[in-house]
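kindly return the folded structure for what I paste below:
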Amino acid sequence: MKQDVIELTKKLARTPSTSGDGNDIYDLVYDLLKQGTSAETWKGEKSPYLEYRDFRNIYARVGSGRGPKIMLNCHLDTVDPGDGWYHPPFSAWEEEGRIYGLGTADMKGGAAAAITAFMQISRMADNLKGELLLSCVFGEEAPFSLGTDILLREIDISNYDLVIIPEPSPLLAINDHCVVHRKVHRSKFPVVIIGAEGRVLFEVEFIGKASHASHPSQGINALHDASRLITEITRFDLFSHIKMGRGHYVVLNIEGGNPSFTVPSCCKLLVNRQLTLGETEASAVRELRGIASSLRLRSKVRIKKRYSPSPLLEYRPYLFESSKYLDLFVDSVMGPPSKDRDGRCLFTTSSVGDFNLFGNRAKIPTVVFGPGGGNIHSPNEFVNKDELQKVTAKLIDFLMEVYELG
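Down below sits the predicted model:
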């Protein structure tokens, strides 16, 4: 099993799977699963958004359905590689206990763990009391998690007991809050994430007045006013527990001005606002408008929520502190509660992803538990081999316990 998951991680890492790379990785996983299970592949009929795409979701399911229902979920796509790699991004270079390559941490290592665990359990399917579903989706690294949207349209998982996503949880929990201790802890493997923030994107437009730059008082500098708002929301950034307070702002893009000797009359910002539990897109819009109004800017300010195809595709916050199978999972991964294990850390994450759609839209207890590494979404990404192996083993141990396969 240990070597299987390492070799599969390397095989996945050597297969490019950005949005422009086609279906090779989906074919690879589908062919692998077809060898031992009745795997299915999505054909596209259920999508109202993807008429021009041919990417795939892959599903494999084992069990009778009479008993606990659990889904292992992973995404197979990656961001673009960018520049600055010491070794080629698709080389799956192995060095000092690490596997380097684009997507090795986010999340081809985790995907390999989920696939390996599923294949192990599928060999005992005749005795499986319940149902285990493996879903390998596309589009998590593109806007709106369209692959998971397809999954929720295609498969009824409303009666599922638990979703397990082996994203790199030690990395997703960095500088985030522990629900148990209600403060920030340093995350250390094994890390279990039981909740996530949401997000909303704002477009903020500043309409000023042009004038010759030799006479700036005759104009209204939209860039200057935009900079005042940027400074204010940076000061306003008070990170807080997911169950309390408010989320933070990040300015993602700024446009405005021109090389001529002219006071700029227009500026646009793209602003990300994290959402904690109890916050909504509407409440965040009101807050940002209030901040802008308090500055008494000379420019006219227009604030609008960035377009998304559907409210179903919004990343909204969720938190599941306890459920039967979530508690069993935590005990299996971290050991049962005892005097020296009281107050085991359970994290929330300020990241967003497919897990938001399962936790908020589908209302299913959702945990993120995967191997750590480094440099996700940047050059020289890597996953830790030992944690990759441990995650795979812990997934198998939990599933064998839940489905009474021991």
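
low pLDDT regions in the stretch 251-400 of the chain?
Low-confidence segments of the stretch 251-400 of the chain (pLDDT under 70): 338-343.

where do the helices of it begin and end?
For the stretch 251-400 of the chain, the helices defined by DSSP state H, counting those that start in this stretch cover 281-294, 324-334, 354-356, 385-402.

winner for burial among those?
Across the helices of the stretch 251-400 of the chain, averaging neighbours per residue (mean count of other Cβ atoms under 10 Å) puts helix 354-356 on top, at a mean of 26. C-beta here means a position set from N, CA and C on the backbone, and glycine is covered the same way.

what's that one packed up against?
Contact analysis of helix 354-356 by 3 or more Cβ pairs under 8 Å, 6 or more residues apart in numbering; DSSP states H and E lists strand 162-165, strand 193-196 as its packing neighbours.

contact partners of the last one?
For strand 193-196, contacts defined as Cβ atoms under 8 Å, 6 or more residues apart in numbering pick out 169, 172-173, 179, 242, 277, 317-321, 326, 346-353, 355-356, 359, 365-369.

before we move on, back to that, do you know which of the helices of the stretch 251-400 of the chain lies nearest residue 142?
helix 354-356 (11.3 Å; Cβ to Cβ).

so how far is that closest one from its chain's centroid?
Centroid separation for helix 354-356 versus its chain: 6 Å, with Cα atoms, centre = their mean, to the nearest Å.

again with stretch 259-271
Averaging C-alpha positions (Cα atoms, centre = their mean) puts stretch 259-271 33 Å from its chain's average.

what is the end-to-end distance of it?
24 Å (Cα to Cα, to the nearest Å).

redo the helices and strands packed on helix 354-356 as TSV? Include distance to residue 57 and mean pLDDT.
Shown next, in TSV, are the helices and strands packed on helix 354-356 (distance: least, Cβ to Cβ, whole Å; pLDDT from 0 to 100):
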stretch	distance to residue 57	mean pLDDT
strand 162-165	15	98
strand 193-196	21	95
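
in TSV: those strands, plus distance to residue 7.
Below are the helices and strands packed on helix 354-356 laid out as TSV (distance: least, Cβ to Cβ, whole Å):
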stretch	distance to residue 7
strand 162-165	22
strand 193-196	27
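
could you provide those strands in TSV, with additional columns for mean neighbour count and distance to residue 220?
Below are the helices and strands packed on helix 354-356 laid out as TSV (neighbours: other Cβ atoms under 10 Å; distance: least, Cβ to Cβ, whole Å):
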stretch	mean neighbour count	distance to residue 220
strand 162-165	26	48
strand 193-196	26	40
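
can you tell which of these is closest to residue 399?
Nearest of the helices and strands packed on helix 354-356 (Cβ to Cβ): strand 162-165, 9.0 Å.

what packs against the closest one?
On a contact count with 3+ Cβ pairs under 8 Å, 6+ apart, strand 162-165 meets strand 69-75, helix 324-334, helix 354-356, strand 366-368.

between the helices and strands packed on helix 354-356, which one is closest to residue 392.
Judging these by Cβ to Cβ, what sits closest to residue 392 is strand 162-165, at 12.1 Å.

surely residue 357 and residue 153 touch.
No: the criterion here is Cβ atoms under 8 Å, and residue 357 misses it with residue 153 at 11.1 Å.

compare the two and say which is more crowded by neighbours.
Between residue 357 and residue 153, counted using other Cβ atoms under 10 Å, the more crowded position is residue 357 (27 against 14).

what sits against the more buried one?
Taking Cβ under 8 Å, 6+ apart as the contact definition, residue 357 lies against 145, 148-149, 152, 313, 315.

make JSON lines out of those residues and add distance to residue 78.
JSON lines is the format used below for the contacts of residue 357 (distance: Cβ to Cβ, whole Å):
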{"residue": "145", "distance to residue 78": "15"}
{"residue": "148", "distance to residue 78": "16"}
{"residue": "149", "distance to residue 78": "19"}
{"residue": "152", "distance to residue 78": "22"}
{"residue": "313", "distance to residue 78": "20"}
{"residue": "315", "distance to residue 78": "19"}
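
now distance to residue 132 and neighbour count too, for those residues, in CSV please.
Output for the contacts of residue 357, formatted as CSV (distance: Cβ to Cβ, whole Å; neighbours: other Cβ atoms under 10 Å):
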residue, distance to residue 132, neighbour count
145, 22, 26
148, 18, 26
149, 22, 24
152, 18, 17
313, 27, 17
315, 27, 25
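
tell me which of those residues is nearest to residue 126?
Nearest to residue 126 among the contacts of residue 357, with distances taken as Cβ to Cβ, is residue 152, at 29.5 Å.

helix or strand: which one has that closest one?
Assigned by DSSP states H and E, residue 152 falls within helix 146-154.

I'd assumed residue 126 was in a helix, is it?
Yes: counting by DSSP: H, G, I helix; E, B strand; the rest coil, residue 126 falls inside a helix.

so how many other residues sit close to it?
By the criterion of other Cβ under 10 Å, residue 126 has 8 neighbours.

before I go, just wanted to say thanks for your time.
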